[in-house]
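Peer 1: The following block contains a protein sequence and its predicted model.
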Amino acid sequence: QVQLVESGGGLVQPGGSLRLSCAASGNIASIYVMAWYRQAPGKQRELVATDTEGGSAYYADSVKGRFTISRDNAKNTGYLQMNSLKPEDTAVYYCKINYRAKGLTFWYDYWGQGTQVTVSS
């Protein structure tokens, strides 16, 4: 009943930029946390950035100053603007939301399917 559609990944040269989008739809009353994770080949999934409703953004040290997380609540869509990309940013990027379903008081986590980002010359 909830869908997360990620887009914006692709191949970019070092120093380039990409903007990832995560569009949420379905039985969603509100999104408390929008988060981006990434998983490089052979490595564990790691947290990249979070945006908490009413709170401040969090960034992993490896992306501070280069990535910016944001959201459009009216569209239930989150974004990850990635600048000054490095080869070590190559990974599958996943969106995760912590949301409340309509008519319910519980909060749930839901993951997107992931989008590939490759930084290479």
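Peer 2: Nice, thanks for sending it over.

Peer 1: how about the strands in the protein?
Peer 2: 2-7, 10-12, 18-26, 30-39, 46-52, 57-59, 67-72, 77-82, 91-100, 107-111, 115-119 (DSSP state E).

Peer 1: what residues are up against the residue most central in space within the chain?
Peer 2: Centroid-nearest residue in the chain: residue 36, 3.0 Å away (criterion: C-alpha atoms, centre = their mean). Residues in contact with residue 36, defined by C-beta atoms under 8 Å, 6 or more residues apart in numbering, are 20, 22, 47-50, 69, 78, 80, 93-96. Heads up, the C-betas are built off the backbone N, CA and C, glycines and all.

Peer 1: ok so, going back, so which of the strands of the chain is the most surrounded?
Peer 2: Stretch with highest mean neighbour count among those: strand 77-82 (a mean of 23; mean count of other C-beta atoms under 10 Å).

Peer 1: Direction included, what does that strand pair against?
Peer 2: strand 18-26 (antiparallel), strand 67-72 (antiparallel) (DSSP bridges).
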